[in-house]
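Asker: take a look and give me a structure for this.
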Amino acid sequence: MKKLICFICAASLVLLSGCSGGSIYTNYREIEQLMVIQTMGFDKSPDGITLSVSTGNSGGGTSSGSTTARMSASAKTISLAEDRLRDYSASEELFFAHTSYIAIGEACARSSLTPFLDYISRSVSLREGTPLFIIVGNDAKTLVLGAGSKDYDATNVLKSLERNIKLRGDLQVFTAADISANLNRRGACLITAISCAKSKDVIEDAADDELTAIPAGYAVIINGK
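Answerer: Prediction:
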């Protein structure tokens with residue numbers, strides 16, 4: 001009887017392993033088929049929401065070498081804006097799980113942060129531990145699409161900015177989780193504010209049209225805006 005049970009179990013394992021072609025993931029994609037998003041930006045637009053994204057140095061399946069890819073789309077909701085970005089992408093899939101930074105334009109923040117914080121917390125891809133910045137005096141699209149050059153982008157700019165802030169010690173970078181927790185507990189919070197600047201003002205050999213980000217204190221958020 002024991003031999004019969006062992007035989008049935010072994011046969012079941014063979015059948016299970018054969019059903020998926022050797023992999024338990026039915027939606028598996030090679031990295032070359034993905035556009036790996038590393039920086040996201042949210043703005044208000046006449047259509048509703050403008051979502052801007054950049055790939056950092058990954059490029060995904062849309063580029064070779066270290067060339068970055070940048071895109072922007074507007075729609076009534078964030079999900080619809082994502083769908084439009086998928087239509088623009090030459091890759092099979094947009095991959096948001098490696099998003100390192102999220103930027104929100106000033107006009108968006110003055111209206112309400114709640115839809116964006118809710119979206120981040122409900123997302124199965126985005127991490128609530130992702131640092132979030134408010135772009136003062138400008139929209140997020142300007143930074144996400146305009147920062148850096150073909151070899152580096154807003155991701156590199158914000159990573160350098162975050163490192164410099166920590167070294168200086170006079171500001172703190174808050175994550176989406178920090179911001180949501182403070183709003184829920186106190187009804188108010190601080191968010192690191194940054195502004196766009198021309199790179200040539202801080203980097204001698206930068207191109208005229210390159211943008212960078214510089215610290216601008218804190219944005220004070222009360223009742224979600």
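
Asker: where exactly do the helices run in the protein?
Answerer: Taking DSSP state H, the helices of the chain run over residues 2-19, 78-88, 106-111, 114-122, 140-146, 154-168, 176-186.

Asker: excluding chain neighbours, what is closest to residue 55?
Answerer: Nearest residue to residue 55, sequence neighbours excluded (Cβ to Cβ, 6 or more residues apart in numbering): residue 69, at 4.5 Å. To be clear about C-beta, it is placed using only N, CA and C from the backbone, and glycine gets the same treatment.

Asker: any idea how far the one you found is from residue 83?
Answerer: 18 Å (Cβ to Cβ, to the nearest Å).

Asker: these two: which is more packed in?
Answerer: Neighbours per residue (other Cβ atoms under 10 Å) separate residue 69 from residue 83, with residue 69 holding more: 23 against 13.

Asker: what's the pLDDT at the more buried one?
Answerer: Looking at residue 69, its pLDDT is 86.

Asker: I figured it hits residue 54, correct?
Answerer: Yes - judged on Cβ atoms under 8 Å, residue 69 makes contact with residue 54 at a distance of 7.1 Å.

Asker: residue ranges in this protein under the pLDDT threshold?
Answerer: 1-33, 57-67, 90-92, 202-206 (pLDDT under 70).

Asker: and with 90 instead?
Answerer: Filtered on pLDDT under 90, the chain yields the residue ranges 1-36, 47, 55-69, 86-96, 146-153, 168-170, 197-212.

Asker: which residues does residue 42 bridge with?
Answerer: When bridges are taken as DSSP bridges, the partners of residue 42 come out as residue 51, residue 104.

Asker: excluding its backbone neighbours, what's nearest residue 47?
Answerer: Leaving aside its sequence neighbours, residue 47 is closest to residue 74 (4.2 Å, by Cβ to Cβ, 6+ apart).

Asker: tell me how far the one you found lies from residue 220.
Answerer: If you measure residue 74 against residue 220 using Cβ to Cβ, the figure is 28 Å.

Asker: neighbour count winner among those two?
Answerer: The neighbour count for residue 74 versus residue 220, taken as other Cβ under 10 Å, is higher for residue 74 (18 against 11).

Asker: OK, contacts around the more buried one?
Answerer: 45, 46, 47, 48, 49, 50, 51, 81, 84 (Cβ atoms under 8 Å, 6 or more residues apart in numbering).
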